[in-house]
Structure formats: structure tokens, C-alpha cells
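Asker: Just need the structure, nothing else, for what follows:
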Amino acid sequence: MSRLRSPIALLVALGVLAGAVSGCGKDAQEAYCDEVKASQEELGKITGDGGADALLRALPILEELGEQAPSDIKDEWKILLSRVQAFEKAVDETGVDPATYDPKEPPKDLTAAEKTRLEEAASDLLASDTQEASQAVTQHSLDVCKTPISL
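Answerer: Modelled structure (predicted):
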């Protein structure tokens, strides 16, 4: 009889655990959507004025959203954030101002390797997988959170 109770107890415990996990998922989703809504005004101000440095200025907010993203959109956030972070690193290491940088007329002290690094990081931002990730994040925000997100 004790053998019969063990599997039943295990099934009951698994059922409780599954309910707890799915409940946590809903809370995480709601917390993420709350953060999207709370961040929207600030993101709109940053990205609304355009400029090559808008994504970099928005990066701290985007990182917070990516950190809180639910599992169904987490991979897309990782792609998007890794590309923006790589661009930020290239900008920091080369010392250029992304708001005024002109690849056709780079600063005189910029080496060929630095110019290539910037061009590759910028190209990665425009790559199809980055754009697809951005679109997925945006669509998820609209569909699930009922809030547009400015990227």
C-alpha cells in the first residue's frame, strides 16, 4: 500500500508544482507588461527624437525589459540586446560620438580597424535577425501587453 501512495503523492505534488509554475509565469508576464507600460513614455522620448545614439541612450531601459522578459520572448530580447550592446562597446572603444559620426568622413584619428569595427557593429544592428527580433519584441508587446514599444 505504501508503494501505491508514493506514486499518487508524487502525482499530486507534480500537479501542485505545475500549478505553481504556471501561476508564476502569469505573474512574470504581468510584471513584464507592467514594466513595458511604465517604460513606454521614457522610451518614446528617447527614440522619438531619432538620432543615431537613441538606441544607446535607451539601452538601460531595454536591458531592464530584456531581463524581465518572459520565456516566450526572451531569445528575441537576447539577440536585440547583444547587438545594441556590441554597438555600444564599439562606440566606447573607438571614442566616436554616434550622434555625429559620419562613416563617409570619419574622424582623422580613427584607425582602419576601428572604422571596420564600427561598421560591423552597425551592420549587425541592421541584420535581418536583429530586425526580426525587434519586430517580435514589438509585436509581443502589442499582442500580449496591449502596449506599443518604441525601439
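Asker: got a list of what Thr138 touches?
Answerer: 148-149, 151 (Cβ atoms under 8 Å, 6 or more residues apart in numbering). Any C-beta I mention is one placed from the backbone N, CA and C, and that applies to glycine too.
Asker: nearest to Arg57, of those?
Answerer: Among the contacts of Thr138, Leu151 lies closest to Arg57 (Cβ to Cβ), at 12.6 Å.
Asker: ok, now how distant is the closest one from Pro106?
Answerer: Going from Leu151 to Pro106 by Cβ to Cβ, to the nearest Å gives 27 Å.
Asker: and if you look at Val91?
Answerer: 13 Å.
Asker: Any chance you could list what contacts the host helix or strand of Pro60?
Answerer: Using DSSP states H and E, the element containing Pro60 is helix 54-68. Applying Cβ under 8 Å, 6+ apart, the contact partners of helix 54-68 are 28, 31-32, 35-36, 39, 42-43, 46-47, 74, 77-78, 80-81, 84-85, 87-88, 91, 98, 125, 149-151.
Asker: Just the element for the residue nearest to the spatial centre of the chain, please.
Answerer: By Cα atoms, centre = their mean, the chain has its centre lying nearest to Trp77, at 3.2 Å. Trp77 is part of helix 71-94 when elements are defined by DSSP H and E.
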